[in-house]
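**Student:** this is the structure alone, sequence omitted:
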């Protein structure tokens, strides 16, 4: 569902637009357009493979953006990473106009009223977020394959009733776990999608339990591209990017609006 929605939401912007360049870094991949927009996404690859990581090589530089956009629906994680980076590039003007992260008072902790004893499920290891939540005394359940944290079957079973808040890494969109996780979320669970890879397109999440988006937009683009080319990650991208956020009002509170986010709860991918 999420892949099809991202494709549909980005198709009009991709038509008549050309790719500037595609750069696949060890941490993040970046795509630019011929008119100077830029977006990035976590690079998800099998890091034990051969020297060639693309399933089939295609030179997208200077070509139609619609061809690369098809990768957002690919079953290959590296191709999906490239496609989502393009989606974020196409959406850059809208994302950079969203409210900025201004500190801890405006993150999901404040937006969702997280206090001591609040039950929080987390998909993806967000180190600074976990540290801050532990200081608050929140109860945590973390699922992260890379760090060997949590049992997936147990975690998914508990999503129906246990958590009050679900923090979901945007990288779950790359490996097709995003939709499956949301299918298990119970009524009333407030979901925040977080990380530099996050597509900041509110309409894509309509009808889902997603209440908040916390992402990043490159603003000093030559510096951000240098970070990506040279294997840097979220901490190195942050000084050259702008943290942005969006919050949906609770049901019955009126139309969706922008609100504050993303602090020490930081926009960082797992």
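**Tutor:** Arrived safely, thanks for sending. This is a predicted model, so every value here is computed, not measured.

**Student:** next helix or strand past the longest strand along the chain?
**Tutor:** Longest strand in the chain by number of residues (criterion: DSSP state E): strand 210-218. Going down the chain from strand 210-218, the next helix or strand is helix 221-229, by DSSP states H and E.

**Student:** can you list the buried residues in that following helix?
**Tutor:** 221, 223-225, 227-228 (16 or more other CB atoms under 10 Å). The C-beta positions use only the backbone N, C-alpha and C, and glycine is treated the same way.

**Student:** packing partners for the next helix or strand after it?
**Tutor:** Sequence order places helix 234-237 as the next helix or strand after helix 221-229, per DSSP H and E. Applying 3 or more CB pairs under 8 Å, 6 or more residues apart in numbering; DSSP states H and E, one finds that helix 234-237 contacts strand 210-218, helix 221-229.

**Student:** rerun at 7 Å
**Tutor:** In terms of contacts (3 or more CB pairs under 7 Å, 6 or more residues apart in numbering; DSSP states H and E), helix 234-237 is packed against helix 221-229.

**Student:** ok, and what's touching the helix it packs on?
**Tutor:** 23, 25, 28, 30, 38, 40, 218, 236-237, 240-241 (CB atoms under 7 Å, 6 or more residues apart in numbering).

**Student:** hmm, back to that, now render the buried residues of helix 221-229 as CSV, adding pLDDT and distance to residue 54.
**Tutor:** Formatted as CSV, the buried residues of helix 221-229 follow (pLDDT from 0 to 100; distance: CB to CB, whole Å):
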residue, pLDDT, distance to residue 54
221, 97, 24
223, 98, 26
224, 97, 22
225, 97, 19
227, 97, 22
228, 97, 17
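
**Student:** hang on, the earlier thing: return the member of the contacts of helix 221-229 nearest to residue 56.
**Tutor:** Among the contacts of helix 221-229, residue 23 lies closest to residue 56 (CB to CB), at 18.4 Å.

**Student:** before we move on, back to that, save the buried residues of helix 221-229 as JSON lines, and put in distance to residue 175 too.
**Tutor:** Formatted as JSON lines, those follow (distance: CB to CB, whole Å):
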{"residue": "221", "distance to residue 175": "27"}
{"residue": "223", "distance to residue 175": "29"}
{"residue": "224", "distance to residue 175": "24"}
{"residue": "225", "distance to residue 175": "25"}
{"residue": "227", "distance to residue 175": "23"}
{"residue": "228", "distance to residue 175": "20"}
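
**Student:** angle of the longest strand of the chain against helix 221-229?
**Tutor:** Per axes from the mean of the first three to the mean of the last three CA atoms, to 10 degrees, the angle that strand 210-218 makes with helix 221-229 is 100 degrees.

**Student:** for residue 15, give me its contacts.
**Tutor:** With contact taken as CB under 7 Å, 6+ apart, residue 15 is in contact with residue 66.
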